[in-house]
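Novice: Pasted the sequence and its predicted model underneath.
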Amino acid sequence: MAVVADNQQTLDNLHSYFTRVGIASTGARELGDAATVPSGVASLVLFPDDFEQRAVEAFILTLRSLRPKLLILLVTSTPQHLGTAVEPDGSSVPPLVLPRPAFGWTILDAIRGRATDLDAD
């Protein structure tokens with residue numbers, strides 16, 4: 001699992017939680033290039049409120065194009081700003097959106113629930 005948030009405390013807290021429950025995770029404080037998300041990562045948690053809106057939208061759209069099966073979970077207090085980045089496109093898994101704040105177990109439960117739904121398809 002990869003986590004992208006500008007807040008170091010958010011990254012540290014989620015990494016600690018995921019480690020305690022046996023989930024390997026990596027973290028980044030920058031959006032970077034969507035192509036650099038490791039291929040072994042099955043899900044990505046992004047805190048889009050920490051970054052510029054257009055950069056977030058471009059990152060998500062590019063990531064969905066490059067990695068259509070990647071589970072993307074967005075933790076945000078302003079989901080209306082995500083625009084076309086969260087709309088179904090017919091070829092990739094639509095991102096999950098959770099209201100901010102969200103705790104580690106809420107994030108993990110949402111990802112597990114979506115993974116189970118995809119396995120059933």
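Specialist: Received it, and whenever you're ready, just let me know what you need. Keep in mind it's a predicted model, so treat the numbers as computed, not measured. Numbering: from 1, shown residues only.
Novice: which residues does the residue nearest the centre of the chain bridge with?
Specialist: Within the chain, one residue has its C-alpha closest to the average C-alpha position: by CA atoms, centre = their mean, that is Val45, at 2.6 Å. For Val45, the beta-bridge partners are Val3, Leu73 (DSSP bridges).
Novice: And the helix or strand containing Arg54, what does it pack against?
Specialist: In this assignment (DSSP states H and E), Arg54 forms part of helix 53-66. Packing partners of helix 53-66 (3 or more CB pairs under 8 Å, 6 or more residues apart in numbering; DSSP states H and E): strand 43-46, strand 71-76. C-beta: built from backbone N, CA, C; applies to glycine.
Novice: Would you tell me which one of these is buried the most?
Specialist: Of the helices and strands packed on helix 53-66, the one with the most neighbours on average (mean count of other CB atoms under 10 Å) is strand 43-46, at a mean of 25.
Novice: packing partners for it?
Specialist: Contact analysis of strand 43-46 by 3+ CB pairs under 8 Å, 6+ apart lists strand 2-4, helix 53-66, strand 71-76, helix 104-120 as its packing neighbours.
Novice: before we move on, the earlier item: Serialize the helices and strands packed on helix 53-66 to JSON lines and add fields for mean pLDDT.
Specialist: Supplementary listing: these in JSON lines, determined by pLDDT from 0 to 100:
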{"stretch": "strand 43-46", "mean pLDDT": "94"}
{"stretch": "strand 71-76", "mean pLDDT": "94"}
